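K.L.:
Build me a model from this:
(one chain, ligands or ions: 1)
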Amino acid sequence: MFNRRVTLNRPKDIDKLLAEHAQHLDKLLWYVEVKWPCNRTTSGRAQLLAASHPGKWIPMIWVGADPTVSRAYAELLLAFFKASNQGQGFEFGLGLIDVGKVADYSATYEWGAVEWDCVCKLCGGVFRSTNSGACRCAGCIQAARREPRRKNYVSQTENRVCLVESSGAA
Ligand SMILES: [Zn+2]
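P.N.:
Take a look at the predicted model:
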């Protein structure tokens, strides 16, 4: 999913796009754009693509009737991509796409509306979650809540936000 633009949308560009499409906001979706720096593309030129996670899957969020509310949600998704790719040389920004164009791309999904198969890092059990990066099943989370003093929670593994058990905690 390539864009001809190579400059990420600034907040005021987004304001302008929303104003231009004010009559059909219900047909628009938010997505996150990622700018690949020129030293990481085969063409040697910077490129803008739709950011995907997990794998090739591109999360999208309906703009809906109130773009202020959905924009706050899209900003969270943007923050997730920024936090997960720190130090990689990528830049991220918000994009807007008409639902008619979404159909051109095979791998999109509505952020938060799809359940993924996940494997619990504590017990090895398979469970379903709307967060593809979830790494603890409900049973292990509940067990940790029952014994709060034995566990110490730290966030962030290599590329996903995650709650992990720390050994030797007081
Ligand atoms: Zn578990």
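
K.L.:
residue contacts, the residue most central in space within the chain?
P.N.:
Of all residues in the chain, the one closest to the mean position by CA atoms, centre = their mean is L77, 4.2 Å from it. By CB atoms under 8 Å, 6 or more residues apart in numbering, the residues touching L77 are W30, V32, P59, I61, W111. (Each C-beta comes from the backbone N, C-alpha and C, glycine too.)

K.L.:
Could you rerun that using 7 Å?
P.N.:
V32, P59, I61, W111 (CB atoms under 7 Å, 6 or more residues apart in numbering).

K.L.:
quick one: which of those sit in helices?
P.N.:
Of the contacts of L77, none are assigned to helices by DSSP state H.

K.L.:
Any quick PyMOL command for the buried ones out of those?
P.N.:
To isolate the buried subset of the contacts of L77 in PyMOL, counting by 16 or more other CB atoms under 10 Å, use the following:
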select buried, resi 32+59+61+111
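
K.L.:
what are the phi and psi angles of the residue nearest to the centre of the chain?
P.N.:
Backbone geometry at L77, expressed as degrees, to the nearest 10, gives phi -60, psi -40.

K.L.:
okay, now the domains of the protein?
P.N.:
Domain segmentation of the chain under automatic domain parsing yields 2-110, 116-165.

K.L.:
out of these, nearest to the ion?
P.N.:
Within the domains of the chain, the stretch nearest the ion is domain 116-165; the backing value is 3.2 Å (CB to the ion).

K.L.:
Report how many residues lie close to Q142.
P.N.:
Per other CB atoms under 10 Å, the neighbour tally for Q142 reads 10.

K.L.:
nope, L49 is what I meant
P.N.:
Each residue near L49 was counted by other CB under 10 Å, and the total is 17.

K.L.:
wait, it sits on V34?
P.N.:
Yes: contact criterion CB atoms under 7 Å: L49 and V34 qualify, at 5.5 Å.

K.L.:
intersection of neighbour lists for those two?
P.N.:
Common neighbours of L49 and V34 (CB under 7 Å, 6+ apart) do not exist.
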